[in-house]
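**Student:** Kindly return the folded structure for what I paste below:
(one chain, ligands or ions: 1)
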Amino acid sequence: MTYKAPVKDMLFNIQHLAQIDQIARMPGFEDAGLETAQAVLEEAAKFNEGVLDPLNSEGDKNPSSFKDGVVTTTAGFKDAFRQFAEGGWQGLQHPAQYGGQGLPKTIGAACIEMVNSANMSFALCPLLSDGAIEALLTAGSDELKATYLDRLVSGEWTGTMNLTEPQAGSDLAMVRSRAEPQPDGSYKVFGTKIFITYGEHDMADNIVHLVLARVVGAPEGVKGISLFVVPKFMVNTDGSLGVRNDVHCVSIEHKMGIKASPTAVLQYGDHGGAVGYIVGQENRGLEYMFIMMNAARYAVGMQGIAIAERAYQKAAQFAKDRVQSRPVDGSISASAPIIHHPDVKRMLMTMRAYTEACRAMASVAAAAYDAAHHHPDADVRKQNASFYEYMVPLVKGYSTEMSLEVTSLGVQVHGGMGFIEETGAAQYYRDAKILTIYEGTTAIQANDLVGRKTARDGGQTPKAIAAKIEETEADLVKNGSADAVAVARRLKAARLAFVDVVNFVAGNTKASPNVVFAGSVPYLMLAGNLMAGWQLARSLLVAQDELARGNDVPFMAAKIITARFYADHLLSKAPGVRDSIVEGFESVTAMALESF
Ligand SMILES: Cc1cc2nc3c(=O)[nH]c(=O)nc-3n(C[C@H](O)[C@H](O)[C@H](O)COP(=O)(O)OP(=O)(O)OC[C@H]3O[C@@H](n4cnc5c(N)ncnc54)[C@H](O)[C@@H]3O)c2cc1C
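**Tutor:** Numbers count the residues shown, from 1 in each chain. Predicted coordinates:
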C-alpha cells in the first residue's frame, strides 16, 4: 500500500488548535510559524512516503536477524537511516547548539507521526535516540554533552534506553544491574538487560546506551538507581571511535509485530566490566529517566495515531475496491463496493474519528509543552506544564488503546483478506499491540494518572481542564447549528461524568486504593475520550467558520461530520464508563483469588 501523509489535517490542528502563530511569538521559536510548519511537513511527507513506506512490509517479512553477536537489519534500512540522518530529521526538535533545528514539538510531533505511519519498526530507532538525547540534555555533564550530543542529534550514532531486566519490568525498583565506581570517576557496569529496542544493529557507527543500574552500596528500591551512559565503542578524546566496550548482544527476540526493529538481550560486563559514565548524580537515575520517559511516552502515543492512520487509509481504499452485496437502500441494483454498506461506513468513520481526535489531542498537548518551555510568563509556563503532564498518560494510553481498536477494525473491513498476511492489514494490528505495553503498560499510565496527576493535587488540574471544556460547550451552544448543539450536549454529559470520576479518584485514592485502582484504566480511557472529543468539538467550530468563508469546503465539511460522529458514537460512551468506575468497583475486586 502507499501511505499518504495527512498533511492537511496536521496543519489544520497546528494552525487552529495548537495555534502555532502564538508559539512563533515565544522566544526561540521566532521562525516557527505556519509557513515553516507547512514546508517541514511537506518535506517530511516526501521522505516518509518515498523512502520509508516502501520498506514497511519488507521489514515484516524479513525481520532483522542475529548471528554471532551481530544484528543485521532488514535490507534497505541502513541506507534509509543514512538518508534520514542526512536529511536532518533526527535533529528536528533538538537544540541548534548541538546541530539540531530547534523546532517546536508542535511541528516535530507531526513529523514523528509520519515516520511511524510510514514504518514503525524503523521509527523506533530515532525514537530511542530522542530519549537518550533528552536524558543527556537534562542531566548530562558538559563533558558527556560534548562527547555524545552532536553525534546523536546528527544521527551518526543512535541511542537506547536500558531499563528492563528479567525480574524488573513495570517495577523498576527491582533493577539489579550494578555499577562499581572506578578511580578515574568512571564506573564498571555489570548485568543483563532484556527487550532493548535497537540495542544492537548495523545502521550507525556507535550505539549510546542509557542504562539504569545500582551503584554498589546504594539504597534498596527506586531511591538507589543511577543512570549511566555506556557506549558500544569507547570514544577517544579526539572524538574518534576506540575499542569495543564490554556490552554485547546475546540474542534478539522473535516477535508478534514490529519485527524489523531488533529487540536485544544485552549482557554488560562479562569480560571485566562495561565502562560507564554517570549521568547527573548517583541515585537520581529514575528521576532523569522519567523526564526521558515522558518524551518517549508521548512519542509512543504518536505511534498509536500513526498506525491508526495507516490502517484507516488502507481500509478506506479496500472498501472502495471490494465489490460485495447489494446496498440495502437499493441505490445500486447489483453488487457494489462495500463502502456503500452502512456498517462498513460506520467502521471507517470510527477509525477516522478516533485517529483525527487523538491527533488533535496530541497536537494541543505538544503546544502546551512548547509553551511550558518557551513562554516568557512563568505562570503561563506553569499552567501549560501541568496541562501537558496531565495529557502525557492520555496521549500514550488512550491513543495506543484506540490504535488496537482501529487496526482491528482495519482487518474487519478487509473481511477474510484482512486475516491473510499479504494484504498488510494484519501487520498493522500486530504492530499496534506493543504500543499498549512498552514505555509503561496502559495500567502503568493509569497509575500515573490517578496518583501523580489527579490525587496528588486533589484533582485541581483535571478540574481546571473541565472548566475549559465548559467554555467550549458554551461556544458550541452560541454557535447554534444543529451539529454544534448536538456535540455540546455530548460534551457536557462526558464532562460531567469526568468530573464525577475525578472527585471519586481524588476523594478515595488514599483511604480506599483498591476501589479507585479497580477503575484506573477506565478513568484513563474516559479522560482520553473526553480530551480527544473536546478537540474535535473545537475543530467543528473552526471548520464551520472556515466553511462560512468558503475555505476548503470538502475538508471542512468532512471535519464537521467527523466531529459529530465522534460525539454521537464515541463521546456518548463516557457516562457508562463513569458508572462502571463509580458504581462498579466491587465486582472488579470481589472474586476470591482461588476462584480464578
Ligand atoms: C518489543 C519490546 C520492546 C521493548 N523495548 C524496551 C526498551 O527499549 N528498553 C527497555 O528498558 N524496555 C523495553 N521493553 C520492555 C517494556 O517496557 C516492558 O515489557 C513493559 O514495561 C512491561 O513490563 P513487563 O514486560 O515486565 O510486564 P509486567 O511488569 O510483568 O506486567 C505484566 C502485567 O501486569 C500489569 N502490572 C504490573 N504492575 C502493575 C501495577 N503496578 N499496577 C497495575 N498493573 C500492573 C501490567 O500492566 C501487565 O498487564 C520492550 C518490550 C518489548 C516487548
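**Student:** Could you find the closest non-adjacent residue to whichever residue of the stretch 201-350 of the chain sits closest to the ligand?
**Tutor:** Residue of the stretch 201-350 of the chain nearest the ligand, by C-beta to the nearest ligand atom: T263 (4.4 Å). Bear in mind the C-beta positions are built from the backbone N, C-alpha and C, glycine included. Excluding the flanking residues, the one nearest T263 by C-beta to C-beta, 6 or more residues apart in numbering is E253, at 4.3 Å.
**Student:** residue contacts, the residue of the stretch 201-350 of the chain closest to the ligand?
**Tutor:** If you count contacts by C-beta atoms under 8 Å, 6 or more residues apart in numbering, T263 has them with 195-197, 199, 252-253, 255.
**Student:** same for the ligand: which of those are within range?
**Tutor:** Among the contacts of T263, proximity to the ligand is found for 195-197, 255 (C-beta under 6 Å from any ligand atom).
**Student:** Separate out the buried members of these.
**Tutor:** Buried members of the ones next to the ligand among the contacts of T263, counted by 16 or more other C-beta atoms under 10 Å: 195-197, 255.
**Student:** So for whichever residue of the chain sits closest to the ligand, what's the pLDDT?
**Tutor:** Ranked by C-beta to the nearest ligand atom, the top residue of the chain for proximity to the ligand is G169, at 1.6 Å. Note for G169: predicted pLDDT of 96.
**Student:** before we move on, the earlier item: how many residues are close by the residue nearest to T263?
**Tutor:** 16 (other C-beta atoms under 10 Å).
**Student:** now A443
**Tutor:** 15.
**Student:** and the closest residue to it other than its chain neighbours, what does it touch?
**Tutor:** Nearest residue to A443 in three dimensions, chain neighbours excluded: V521, at 5.9 Å (C-beta to C-beta, 6+ apart). Taking C-beta under 8 Å, 6+ apart as the criterion, V521 is in contact with 397, 442-443, 446.
**Student:** can I get the residues you listed in TSV with distance to V71 and pLDDT?
**Tutor:** Formatted as TSV, those follow (distance: C-beta to C-beta, whole Å; pLDDT from 0 to 100):
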residue	distance to V71	pLDDT
G397	31	98
T442	29	98
A443	31	98
A446	34	98
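**Student:** what's the farthest-apart pair in those residues?
**Tutor:** Among the contacts of V521, the pair separated by the greatest distance (C-beta to C-beta) is G397 and A443, at 8.9 Å.
**Student:** Show me what counts as buried in stretch 572-588.
**Tutor:** 572, 574-575, 577-578, 580-582, 585.
**Student:** Tally up the residues packed near the residue lying closest to K232 once chain neighbours are set aside, please.
**Tutor:** Leaving aside its chain neighbours, K232 sits nearest to I207 (4.1 Å; criterion: C-beta to C-beta, 6+ apart). By the criterion of other C-beta under 10 Å, I207 has 28 neighbours.
**Student:** Could you list the low-pLDDT ranges of the protein?
**Tutor:** Scanning the chain for pLDDT under 70 picks out 1.
**Student:** And G269, how far from K193?
**Tutor:** Distance, G269 to K193, by C-beta to C-beta, to the nearest Å: 11 Å.
**Student:** who's more crowded, those two?
**Tutor:** The neighbour comparison of G269 against K193 (other C-beta under 10 Å) goes to K193, with 28 against 24.
**Student:** secondary structure element for that one?
**Tutor:** strand 187-197 (DSSP states H and E).
**Student:** Show me what the next helix or strand after that strand is packed against.
**Tutor:** Next in sequence after strand 187-197, counting helices and strands by DSSP H and E, comes strand 206-215. If you count contacts as 3 or more C-beta pairs under 8 Å, 6 or more residues apart in numbering; DSSP states H and E, strand 206-215 packs onto helix 120-139, strand 157-162, strand 178-181, strand 187-197, strand 226-231, helix 285-321.
**Student:** What lies in contact with the third one?
**Tutor:** Spelled out, it's strand 178-181. 187-191, 213-216, 226, 228, 273, 276, 278.
**Student:** One more pass at 10 Å, please.
**Tutor:** Strand 178-181 is contacted from outside by 186-191, 211-218, 226-228, 230, 268-269, 273-274, 276, 278, 282, 285, using C-beta atoms under 10 Å, 6 or more residues apart in numbering.
**Student:** Could you identify the buried members of those residues?
**Tutor:** Judged by 16+ other C-beta under 10 Å, buried ones among these: 186-191, 211-215, 218, 226-228, 230, 268-269, 273-274, 276, 278, 282, 285.
**Student:** Touching both of G269 and K193, which residues are there?
**Tutor:** Common neighbours of G269 and K193 (C-beta under 10 Å, 6+ apart) are 177, 213, 230, 247.
**Student:** Can you get me a residue count around the last one?
**Tutor:** Read it as V247. 28.
**Student:** So which other helices or strands are in contact with the one helix or strand V153 maps to?
**Tutor:** V153 is located in helix 150-154, with elements delineated by DSSP H and E. The contact analysis (3 or more C-beta pairs under 10 Å, 6 or more residues apart in numbering; DSSP states H and E) places helix 150-154 against helix 77-86, helix 120-139, strand 157-162, strand 206-215.
**Student:** Please tell me I have it right and D60 contacts K259.
**Tutor:** Yes - judged on C-beta atoms under 10 Å, D60 makes contact with K259 at a distance of 5.3 Å.
**Student:** Ranking by neighbours, what's the top pick from the contacts of V521?
**Tutor:** Neighbour max across these (other C-beta under 10 Å) = G397, 31 neighbours.
**Student:** Near the ligand, which residues of the stretch 101-250 of the chain? Just list them.
**Tutor:** 161-164, 169-170, 195-197.
**Student:** Which one of those is nearest to W534?
**Tutor:** Once C-beta to C-beta is applied, the member of those that ends up nearest W534 is S170, at 29.9 Å.
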